[in-house]
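Enquirer: Sharing a model prediction with you, sequence too.
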Amino acid sequence: MTETAPALPQLRTIEMTRDGRLLRITLNRPDALNAINLDLHDDLADAMWFAQCDSGSDVIVLTGAGRAFSAGGDLDHIENSARNPHLFDHETRVAKRIVTTLLDIDKPVICRLNGHAVGLGATLALLCDIIFAAEGAKIGDPHVGIGLVAGDGGAVIWAQRIGLARAKEYLLTGELLSAQKAAEIGLVNHCVPLDELDEKVDAFCEKLLNGAMVAIRATKILTNLELKRLATALMDAGIAYESVSVRSADHMEGIQALKEKRKPKFIGR
């Protein structure tokens, strides 16, 4: 008797659809370039949890609606958290849940990087197993550019993809990389023309879906063990440091500079 797949959850800012045994998760705030506000942050945790437990899928595609994958934190939301830092404490718990659940998913998770991936958006992409990035997309973690610690997963995954020296260069400067450069240094797997992105992603997913899924899942579990160990070791410290930086004068200056489209004047506190 075939098991009936569970109903897909109805989330405020994420769309989930199935195509056979393929589960598609789409960040769905296209008018805001899928910038992460409180709703999307909470929805991400719920979507990852569902994907982990979903008996109706064997492969997952994570992508964004519209022109961007995710432009990082929503500026209004970031400012509200800075002015009310006790609200950020909720987000730290959710951020840890997002990262740990994404690493716990034993199914292959493919990132369809359709546009820019910034901050937490970059972390989400890099925690996927395979990344297909569209030409023209940029990826980076500019937490430091607004006076924040890259504590929500960036310190875990960047060094694992491109080595410690390069990871420090990009995390300490917040520099954004082109998809082509990211592919050249191994940060993403493939950089392809935008009009070929769906074809490449679908073909790779089909290859996996036709594979020996028990072996594929177990192999992913093994390769994620070290990532999970690192996440366990680093996430609590990371979110604690980020929580401190949320309360800093430099963070407020970073926000104000971003709003005024000028270079920030940091004072080191």
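Expert: Here it is on my side, so go on. Remember, it's a predicted structure, so these values are computed and weren't measured experimentally.
Enquirer: from here on, contacts and neighbour counts on C-alpha atoms
Expert: Fine.
Enquirer: what's the next secondary structure element after the helix or strand of the chain with the lowest mean pLDDT?
Expert: Of all helical and strand segments in the chain, the minimum by mean pLDDT, DSSP states H and E falls on helix 85-104, at a mean of 92. Per DSSP states H and E, the first helix or strand lying C-terminal to helix 85-104 is strand 109-113.
Enquirer: Check the offset of that next one from the chain's centre.
Expert: The chain centre lies 10 Å from the centre of strand 109-113; the measure is CA atoms, centre = their mean, to the nearest Å.
Enquirer: Could you spell out the sheet neighbours of that strand, each with its direction?
Expert: According to DSSP bridges, strand 109-113 forms sheet pairs with strand 59-64 (parallel), strand 130-134 (parallel).
Enquirer: Give me the contact list for the least confident helix or strand of the chain.
Expert: Outside helix 85-104, the residues within contact range by CA atoms under 8 Å, 6 or more residues apart in numbering are 38, 41-42, 44-45, 48-49, 52, 81-82, 124, 127-128, 152-153, 221, 224, 227-228, 231, 235-236, 239, 243, 246-247.
Enquirer: in the stretch 151-269 of the chain, which spans are strands?
Expert: 177-178, 190-192 (DSSP state E, counting those that start in this stretch).
Enquirer: possible to save the ones you listed as TSV with mean neighbour count?
Expert: What follows is those, written out as TSV (neighbours: other CA atoms under 10 Å):
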stretch	mean neighbour count
strand 177-178	18
strand 190-192	20
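Enquirer: just so I know, which of those strands lies nearest residue 148?
Expert: Residue 148 lies closest to strand 177-178 among these, at 19.3 Å (CA to CA).
Enquirer: one step back: can I get the strands of the stretch 151-269 of the chain in a markdown table including mean pLDDT and distance to residue 164?
Expert: Below are the strands of the stretch 151-269 of the chain laid out as a markdown table (pLDDT from 0 to 100; distance: least, CA to CA, whole Å):
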| stretch | mean pLDDT | distance to residue 164 |
| --- | --- | --- |
| strand 177-178 | 98 | 16 |
| strand 190-192 | 98 | 21 |
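Enquirer: Select the longest helix from the protein.
Expert: Using DSSP state H, we find that the single longest helix of the chain is helix 213-246.
Enquirer: Nearest residue to the middle of this protein?
Expert: In the chain, the residue lying closest to the centroid (CA atoms, centre = their mean) is residue 124, at 1.3 Å.
Enquirer: quick check, that one in a helix?
Expert: Yes. Counting by DSSP: H, G, I helix; E, B strand; the rest coil, residue 124 is part of a helix.
Enquirer: Help me confirm that residue 126 comes into contact with residue 158.
Expert: Yes. Using CA atoms under 8 Å, residue 126 makes contact with residue 158 at a distance of 7.5 Å.
Enquirer: ok so, going back, any buried residues in the least confident helix or strand of the chain, and which?
Expert: For helix 85-104, the neighbour count (16 or more other CA atoms under 10 Å) marks 85, 88-89, 91-92, 94-104 as buried.
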